[in-house]
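[1] A structural model of the following input is requested.
(chains A and B)
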Number of protein chains: 2
Amino acid sequence: MDENVSTHYSGPVCPLPLTHTGQIVMGHGSGGKLSQDLIQRVFLPSFDNPALRAGDDAALVLPNQSTRLAISTDSHVVWPLFFPGGDIGSLAVCGTVNDVAMLGAEPLYLTAGFILEEGLQLEILERVVASMHLAASEAGVQIVAGDTKVVQKGKADLLYINTTGVGLIRPGVEIGGANAHPGDLVILSGPIGDHGISVLEARGELGFESHIQSDIAPLNHLVSAMLQVSDQVHVLRDPTRGGVATTLNEIAVQSQVSIILNEGSLPIRPAVAAACEMLGFDPLYLANEGKLIALVGRSDGERVLQTMRLTRYGEESQIIGEIKDTPQGRVLMKTILGSTRIVDVLAGEMLPRIC
Amino acid sequence: MDENVSTHYSGPVCPLPLTHTGQIVMGHGSGGKLSQDLIQRVFLPSFDNPALRAGDDAALVLPNQSTRLAISTDSHVVWPLFFPGGDIGSLAVCGTVNDVAMLGAEPLYLTAGFILEEGLQLEILERVVASMHLAASEAGVQIVAGDTKVVQKGKADLLYINTTGVGLIRPGVEIGGANAHPGDLVILSGPIGDHGISVLEARGELGFESHIQSDIAPLNHLVSAMLQVSDQVHVLRDPTRGGVATTLNEIAVQSQVSIILNEGSLPIRPAVAAACEMLGFDPLYLANEGKLIALVGRSDGERVLQTMRLTRYGEESQIIGEIKDTPQGRVLMKTILGSTRIVDVLAGEMLPRIC
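    Residues are numbered from 1 along each chain as shown, chains lettered A, B, ... in the order given. Below is the predicted model:
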C-alpha cells in the first residue's frame, strides 16, 4: 500500500496503529489490513507453498493425478454464541462449507474441533451441535472427524469451534481469485451487512430493534446451480470478515485488475442502512455469512444472474459492478452522486469476534 | 462399562463424578471415559456417519473411486506453550501428522487455525510458527490453509492451535482399529510417558529435575518403513491423551478382542518411572506424542520390529503383548509378579491440557 493511496482511505476510521507493536491486537483477527500484515510477516515466510500463497478462501491441492481438492479451515469465536438467525454452530458449518465452495468445489467432509470452557452448560453444547447437524444436513456434508479439548474456567469464552472442510473440484472447473478478466461482471448474491448487524443486536449494542437476522447459509447448492449454466464463472468469494470492500480488494490484487462498483446497485436492507448510519459503519465492511460475490464473463452474466435468482439464497442477486484493466489492484466506486472514490480494505477492527 | 468391571478399575483415582452433571468438566477433555461419554451422548447422535463411527485416529473417506483419504483434526491447548523437547507448534503439527499416519496414510496437507489472545507477544507466535515449520518440513507435509482469530485478553490462554490433516492411503493398505486379529503381536515404538512428565516439569509440578524431554515426533516415516516390509500391519494407534491403557482399550472394543500385555516388556525410562511413583501416576495413562502401537500379524512381527528399530523414532521398539479371542473388549496385564489385572480406560482427568 503506497502512502499516496492510503491518504485517500475511505473505510471506517482505524482505531489501531498499523505499526508493528510487538503484540497481537484485536485487529489482527479482523480479516483486513492487520490480518494481511500478520500473514505476510509471520505465516507466509514459514509456511510458504503454492496452495497457501494463492490466497483464496480454500487451498487447491492435488493428492493424486485424478483428484483436485479444496481445503479450508476457520476457527469460530463469535460472541455471543446465539444471535438472530444463527449461532456459532451454524456459522462454523456454513463458514467452512462456503469457503470450500468458493473454489467451485463440492464440499464433502468437515471436521469439528471444540475448545470448551470448564463449567459450560452441556445444554448449550447440545444446542450448538444440533445446529451444526442441521446446517451440515442442508449443505449435504458429513462431519467425519472431531476433537474436544477443555480449558479451565476463564481460559476461553464458553466455546470455540474450528471447522475444516474438504471438497472435490469437478474436472473443467477453474475458479480462483486470480482469474478475473477485464469485462467480467460483478454479481452479489443479496443484501449486505445482515450478519454484522444481527450480532451487534444480540450484543445489545444496536440501541434499537432492527429485526435483522443473520444471513448465515450454506452456499454450495447456489454455486452448483451457477456452474451448471456457465463455464464463465471466473471468481467466487464470500465477503465475510472485512466485508465486500476487503474481499473485492483481495480479488483486484490477485488478478491485477480494477473493480468498479456502482453504489446505486448495492443491495442493502433499509434497517441495515439505518443502523450503519446511526453507528457510523460503512456496510461495505460489514461481515456477511450467506452471500457470495461472483465475477462472471460478460456474455454469461445475465444467465448466471437469472439462475442465481431462482435459488433459495440468491433471490436478491444483483450485478453491482464490472472489471476493468486499470488502475490495477484497486477497487473504485461510482457513487450515487456521480463521483468516484477509492474503496480500500478494512484497516483496524470494526466489530471484533463477528465470526 | 458394567458395574462389575468398574469396581476392578486399576487406573488413576477418578477425581470427578462420572454422572451427568450438566456441565463440562476438565475430564471431558481427557481422552478417557468422560470424553467417550461426551462423544456418545452429544456428538455421535448428531454427526453420525460411518467414517466418524469407526472411531479411529483419522476418518477414512472416499471422495472419488480412485482416492482414499485419511482426515483428522485436533485442537491444541497445551500449557505451558513451551516445555522440554517441544512446544505447542511442534505438538500441533506432529499430533495431526501422526493421527493421519495411523490409518497407514501418507500425510500431505495440514491446515492451521490460530486463536490468539489479545496482547500475545508477537515473538511468541513467531517462535511457535517456526517450530511448526520445522516439524512440517521433517514430516514432509505442507501447511496449505490457515486462519487467525483474536479474542480479548482473558478469553484464551495466549494461543490455541487447531491443525487438521489430510493424507492419502495407498492401494492395498487396510489399517484400522477394528482390524486386530487374535494372534497379532502388540509392538510399542519406545518408552512411554515422556511427554506427560516433560509438561509436568515445565509447570514446575514435578518437584525435581527429571531431564525428561517430550517425545514429540512425526511418525509418518516410521509408518512408511513398516508398511514397506509387511502387509500384516493391522492396527496403528498413537497413545496420546489417555495413554497406552486407554488406546489399547479402544482397540480391544473396536476389534472385539482381548489384549494381553506383559508388564515386564513395557519400556519406561527410569526417570519417568520414578516421577510416576512419587506422584502416584500410572505411566500407562500418561500421554505420548511420538509413540505408536502396532498390531501386527505374528508371522511378520519380528521383521516389523527390526525395521522399526532401524528408524529414528523406533529404535527402542518392543513387543509388549499379544491379541487373544477373549475376554472380548478387555485389556489385561500380566504383572511382573505373575498375576493378571484388568487395565481400564482413563476415568477422570490426570493431567489437564497436556496436548
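[2] ok, the residue in the stretch 201-350 of chain A that chain B sits nearest to - how many residues close by?
    Distances between the stretch 201-350 of chain A and chain B by CB to the nearest CB are smallest at A:E349, namely 8.2 Å. (Glycine included, C-beta is placed from N, CA and C.) A:E349: 25 surrounding residues under other CB atoms under 10 Å in any protein chain shown.
[3] What of the one 3 residues further on?
    Using other CB under 10 Å, A:P352 has 17 other residues around it.
[4] quick one, what contacts the closest residue in space to it that isn't next to it in sequence?
    Using CB to CB, 6 or more residues apart in numbering or on different chains and skipping residues adjacent in sequence, the residue nearest A:P352 is A:M26, 4.6 Å away. A:M26 makes contacts with A:L16, A:E349, A:P352, B:E118, B:V150, B:Q152, as judged by CB atoms under 8 Å, 6 or more residues apart in numbering or on different chains.
[5] switch to 10 Å and redo it
    A:15-16, A:34, A:348-349, A:351-353, B:116, B:118-119, B:150-153 (CB atoms under 10 Å, 6 or more residues apart in numbering or on different chains).
[6] do the same with A:G290
    A:G290 makes contact with A:85-86, A:90, A:94-95, A:98, A:189-190, A:194-195, A:213-219, A:222, A:238, A:240, A:312-313 under the criterion CB under 10 Å, 6+ apart.
[7] Per-residue pLDDT of it, please?
    Note for A:G290: predicted pLDDT of 98.
[8] where's it, which helix or strand?
    When elements are assigned from DSSP states H and E, A:G290 belongs to no helix and no strand.
[9] cool, A:C276 as well?
    Counting by DSSP H and E, A:C276 is found in helix A:270-279.
[10] Remind me what that helix packs against, helices and strands.
    Contacts defined by 3 or more CB pairs under 10 Å, 6 or more residues apart in numbering or on different chains; DSSP states H and E place helix A:270-279 against helix A:194-202.
[11] wait, does the helix it packs on contact chain B?
    No: with CB under 10 Å from any CB of the partner chain as the criterion, chain B is not reached by helix A:194-202; the gap is at least 14.3 Å.
[12] continuing past that helix, what's the next helix or strand?
    Counting by DSSP H and E, the element after helix A:194-202 in chain order, helix or strand, is helix A:220-229.
[13] Check the offset of that next one from the chain's centre.
    Distance, stretch centre to chain centre, for helix A:220-229: 18 Å (CA atoms, centre = their mean, to the nearest Å).
[14] quick one: is that helix near chain B?
    No: Helix A:220-229 lies out of reach of chain B by CB under 10 Å from any CB, never closer than 14.6 Å.
[15] strands paired with the helix or strand just after that helix, and their directions?
    Next helix or strand after helix A:220-229 toward the C-terminus (DSSP H and E): strand A:233-237. Paired strands of strand A:233-237, with direction, are strand A:293-296 (antiparallel) (DSSP bridges).
[16] which residue is nearest the middle of chain A?
    A:T240 (2.5 Å; CA atoms, centre = their mean).
[17] A:L206 against A:M278, yeah?
    Yes: if you go by CB atoms under 10 Å, A:L206 and A:M278 touch, sitting 8.3 Å apart.
[18] circling back: pull out the buried members of the contacts of A:M26.
    Neighbour-count burial (16 or more other CB atoms under 10 Å in any protein chain shown) applied to the contacts of A:M26 gives A:L16, A:L34, A:G348, A:E349, A:L351, A:P352, A:R353, B:L116, B:E118, B:V150, B:V151.
[19] so the third one sits in a helix?
    If I follow you right, that is A:G348. No: according to DSSP: H, G, I helix; E, B strand; the rest coil, A:G348 belongs to no helix; its state is coil.
[20] State the pLDDT value of it.
    Looking at A:G348, its pLDDT reads 81.
[21] what's around the closest residue to A:A139 other than its chain neighbours, how many residues?
    Leaving out its chain neighbours, the residue that sits closest to A:A139 by CB to CB, 6+ apart is A:P218, at 3.6 Å. Using other CB under 10 Å, A:P218 has 26 neighbouring residues.
[22] mind checking the longest helix of chain A?
    The single longest helix within chain A, with elements called by DSSP state H, is helix A:122-139.
[23] Go through the contacts of A:M26 and name the one nearest A:I71.
    B:L116 (21.7 Å; CB to CB).
[24] and the helix or strand where the closest one lies with chain A, contact?
    Per DSSP H and E, B:L116 falls inside strand B:106-117. Yes: with CB under 10 Å from any CB as the measure, strand B:106-117 is seen reaching chain A through B:E106, B:L108, B:Y109, B:L110, B:T111, B:A112, B:G113, B:F114, B:I115, B:L116, B:E117.
[25] Flag every buried residue along that strand.
    Across strand B:106-117, burial judged by 16+ other CB under 10 Å covers B:E106, B:P107, B:L108, B:Y109, B:L110, B:T111, B:A112, B:G113, B:F114, B:I115, B:L116, B:E117.
[26] Could you check the pLDDT of the second one?
    Each residue has a pLDDT score; the one for B:P107 is 98.
[27] pLDDT on stretch A:131-141, on average?
    98.
[28] Buried residues in that stretch, which are they?
    A:S131, A:M132, A:H133, A:A135, A:A136, A:E138, A:A139, A:V141.
[29] just stretch A:54-70 next, same as before
    Buried residues in stretch A:54-70 (16+ other CB under 10 Å): A:54-61, A:63, A:67-70.
[30] same thing with stretch A:67-85?
    Here stretch A:67-85 shows A:67-79, A:81-85 as buried, counting by 16+ other CB under 10 Å.
[31] tell me the SS of A:D147?
    strand.
[32] Can you verify my assumption that it contacts B:D74?
    Yes: in terms of CB under 10 Å, A:D147 counts as a neighbour of B:D74; the distance is 4.9 Å.
[33] lowest average confidence, helix or strand, in chain A?
    helix A:3-6 (a mean of 30; mean pLDDT, DSSP states H and E).
[34] just checking, next helix/strand downstream of that helix?
    The helix or strand immediately downstream of helix A:3-6 is helix A:33-38, counting by DSSP H and E.
[35] average model confidence for that next one?
    93.
[36] is that helix anywhere near chain B?
    Yes: interface with chain B: helix A:33-38 contributes A:L34, A:S35, A:L38 (CB under 10 Å from any CB).
[37] which residues sit in contact with the second one?
    Which is A:S35. A:27-29, A:241-242, A:246, A:345-346, A:349, B:147-150.
[38] Just the buried subset of the residues you listed, please.
    A:27-29, A:241-242, A:246, A:345-346, A:349, B:147-150.
[39] quick one on the thing from earlier: okay, the residue nearest to A:P352: pLDDT?
    So A:M26 comes in at 94 (pLDDT).
[40] try A:G11
    Confidence score, pLDDT, at A:G11: 38.
[41] With A:P50 instead?
    93.
[42] one step back: out of the residues of strand B:106-117 next to chain A, which is nearest to B:G177?
    Proximity of the residues of strand B:106-117 next to chain A to B:G177 (CB to CB) peaks at B:E106, which lies at 19.2 Å.
[43] Show me what that closest one bridges to in the sheet.
    Beta-bridge partners, per DSSP bridges, of B:E106: B:L168.
[44] mind listing what it touches?
    Per CB under 10 Å, 6+ apart, neighbours of B:E106: A:63, B:70, B:100, B:140-141, B:167-170, B:173, B:220-221, B:223-224, B:227.
[45] If we use 7 Å, what do you get?
    Contact analysis of B:E106 by CB atoms under 7 Å, 6 or more residues apart in numbering or on different chains lists B:G167, B:L168, B:R170, B:N220.
[46] follow-up on the earlier one: from the buried residues of stretch A:131-141, which single one is nearest chain B?
    Distances from chain B to the buried residues of stretch A:131-141, taken as CB to the nearest CB, are shortest for A:H133 (3.8 Å).
[47] I figured that closest one hits B:S46, correct?
    Yes: the pair A:H133 / B:S46 is scored as a contact, 3.8 Å apart, by CB atoms under 7 Å.
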